[in-house]
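[1] let me see the structure of the following:
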Amino acid sequence: MMNLKEHLKMLALLVLAMPMIFAACSDDDNPSDDPDTPTQIEEGVFVYNTGNEGFNIDGSLSFIDVQTNQVTNDAFRSANDGRSLGATVQDGVVLGENLYIGVSTSETVEVVNKNRLVSVAQILLKDEQATMPRDVVTDGEYVYVSMWSGYVSRIDPATNTIDKTVKVGPNPEEMAISGGYLYVVNSDGNNWQANYANGLSVSKVSLTTFEEEKKIPVGLNPTKIVADASGNLIVLCMGDYTEANPASLWKINSSSDEASEMGIQATIIALRGNSLYTINAPFGSTEVSYIVYNTVTGAVENENFVSTPVDSAAGLAVHPESGNIYITSYHLKGGYADYSTASYVNAYASDGTLTDTYEVGVGAVYMSFLD
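    This is a model prediction of the structure:
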């Protein structure tokens, strides 16, 4: 059934969010959470909370301040006179002085000052510009937003407006940039009853012409993609959430566009250089692994990269310089992930030692860094 098979992938489409404020929950000597947004934030982790549409819970933004070791929840609302960020908050990226946040069900891209979180612009999506924003990335010049309706839009930061849109495959998810191209995974997620038959590809879009040059065949139900330091693209294909077709990793050589299966199973990935951090938590299984692979050789670099696992992992981020690791997780209720209450983030040192745990908003999945 879709509400079971698609729980991990389609949760963001089922969610809409109510503002909630939670205190930092870590070591006893940590300072307590301040419900007011900091006047100025400088360094830390943005946490994008999808919320939960079924429970009328709006999405929200949390910020983990690494200088004060505090978390601020519902930070956008606090900085913007009580206005909700919207329904189904997805992802965000910093470019220049601003943070760009995709809000899927509300059909907006919210642009806020990265240090004060005050709204600078709200881009209201129109039919001709595609709808339902998902992933948000930047090449340092423009911001790119994948749209569940089958497009990728480009935002000009000089005007904070969409200036170009390109059609890709059905239900695109994550994107990565390598060698002057934007690579977009086409999940065909709405076509799950036909086993995602029209997906199975990665669109290669020229950043110069902003046109799709080709579709590169990959595995079943591609949802995530990252670019390593050697120019390879690593694609996570989620399969159909059964033992017969489990999630698997594919590698695309960006110079030849040749794709091959890596023989590695994973359900969540993050990249640092040529080190691929993977969490494998197959749907319905209690067996979870935390393994780091070398993307060039495929060799295992670390068989267990965290000292303390989370309850139900949802997202993973690794700081590119420090190597510090952050994992978002749902709490458990009756042995199952609870999608209607606050999530949490475990923070680890680069050696995998647990350093802190922070209570954040409902449905925390994606994270990005403010440096």
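[2] am I right that V185 is in a strand?
    Yes. V185 sits within a strand when classified using DSSP: H, G, I helix; E, B strand; the rest coil.
[3] list the contacts for it?
    When the contact criterion is Cβ atoms under 8 Å, 6 or more residues apart in numbering, the partners of V185 are P172, E173, E174, M175, S201, V202, V218, P222, T223, K224, I225, V235. All C-beta atoms are positioned from the backbone trio N, CA, C, and that covers glycine.
[4] I'd like the distance between S329 and I162.
    Remark: distance between S329 and I162 (Cβ to Cβ, to the nearest Å) = 34 Å.
[5] ignore what I typed, I meant S248.
    Using Cβ to Cβ, we find S248 at a distance of 34 Å from I162.
[6] strand partners (parallel or antiparallel) of the strand or helix carrying Y358?
    Y358 is part of strand 354-362, with elements assigned from DSSP states H and E. Paired neighbours of strand 354-362 in the sheet (DSSP bridges): strand 342-348 (antiparallel).
[7] re earlier: could you point out which element follows the strand holding Y358?
    Using DSSP H and E, the next helix or strand after strand 354-362 towards the C-terminus is strand 364-370.
[8] list the helices and strands that following strand packs on?
    The helices and strands touching strand 364-370, judged by 3 or more Cβ pairs under 8 Å, 6 or more residues apart in numbering; DSSP states H and E, are strand 44-49, strand 89-95, strand 312-318, strand 325-330, strand 342-348.
[9] what's the closest of the ones you listed to M147?
    For the helices and strands packed on strand 364-370, distance to M147 was read as Cβ to Cβ. The smallest value, 10.8 Å, belongs to strand 89-95.
[10] what's the distance between that closest one and the middle of its chain?
    For strand 89-95, the distance from its own C-alpha centre to the chain's C-alpha centre is 9 Å (Cα atoms, centre = their mean, to the nearest Å).
[11] what's it packed up against?
    For strand 89-95, the packing partners by 3+ Cβ pairs under 8 Å, 6+ apart come out as strand 44-49, strand 60-65, strand 98-103, strand 133-138, strand 364-370.
[12] could you check the angle it makes with strand 60-65?
    The directions of strand 89-95 and strand 60-65 differ by 50 degrees, with axes from the mean of the first three to the mean of the last three Cα atoms, to 10 degrees as the criterion.
[13] contacts for strand 89-95 next, please.
    Identification of contacts with strand 89-95 by Cβ under 8 Å, 6+ apart yields 12, 17, 46, 48-51, 59-61, 99-104, 114, 133-138, 140, 143, 157, 366, 368, 370.
[14] angle of it against strand 364-370?
    Using the same axes, to 10 degrees, strand 89-95 lies at 10 degrees relative to strand 364-370.
[15] rewinding a little: and the angle from the strand holding Y358 to strand 44-49?
    Computed with the same axes, to 10 degrees, the direction of strand 354-362 lies at 40 degrees from that of strand 44-49.
[16] quick check: buried residues in strand 354-362?
    Neighbour-count burial for strand 354-362, with 16 or more other Cβ atoms under 10 Å as criterion, is recorded at L354, D356, T357, Y358, E359, V360, G361, V362.
[17] the last one touches T50, doesn't it?
    Yes. With contact defined as Cβ atoms under 8 Å, V362 counts as touching T50 (7.4 Å).
[18] where exactly do the helices run in the stretch 51-200 of the chain?
    Taking DSSP state H, counting those that start in this stretch to define them, one finds helices in the stretch 51-200 of the chain at 75-79.
[19] so where's the stretch 101-250 of the chain uncertain?
    Under the criterion pLDDT under 70, no range of the stretch 101-250 of the chain is flagged.
[20] make it 90
    Low-confidence regions of the stretch 101-250 of the chain, defined here as pLDDT under 90, cover residues 126-129.
[21] how many neighbouring residues does P133 have?
    Other residues near P133 come to 29 when the count uses other Cβ atoms under 10 Å.
[22] ok, it to D338 distance?
    Distance, P133 to D338, using Cβ to Cβ: 26 Å.
[23] tell me the span between the first and last residue of stretch 263-272.
    20 Å (Cα to Cα, to the nearest Å).
[24] which residues sit against that stretch?
    For stretch 263-272, contacts defined as Cβ under 8 Å, 6+ apart pick out 8, 224, 226-228, 234, 236, 238, 246-249, 276-282, 291, 293, 295, 298, 313-320, 323.
[25] now do it, average pLDDT.
    Mean per-residue pLDDT for stretch 263-272: 98.
[26] now it, how far from the chain's geometric center?
    Per Cα atoms, centre = their mean, the displacement of stretch 263-272 from the mean C-alpha position of its chain is 13 Å.
[27] just stretch 103-118 next, same as before
    Relative to its parent chain, stretch 103-118 has a centroid offset of 15 Å by Cα atoms, centre = their mean.
[28] and for stretch 218-232?
    Taking Cα atoms, centre = their mean, one finds the center of stretch 218-232 at 14 Å from the center of the full chain.
[29] pull out the buried residues from it.
    Neighbour-count burial for stretch 218-232, with 16+ other Cβ under 10 Å as criterion, is recorded at V218, G219, L220, N221, P222, T223, K224, I225, V226, A227, D228, N232.
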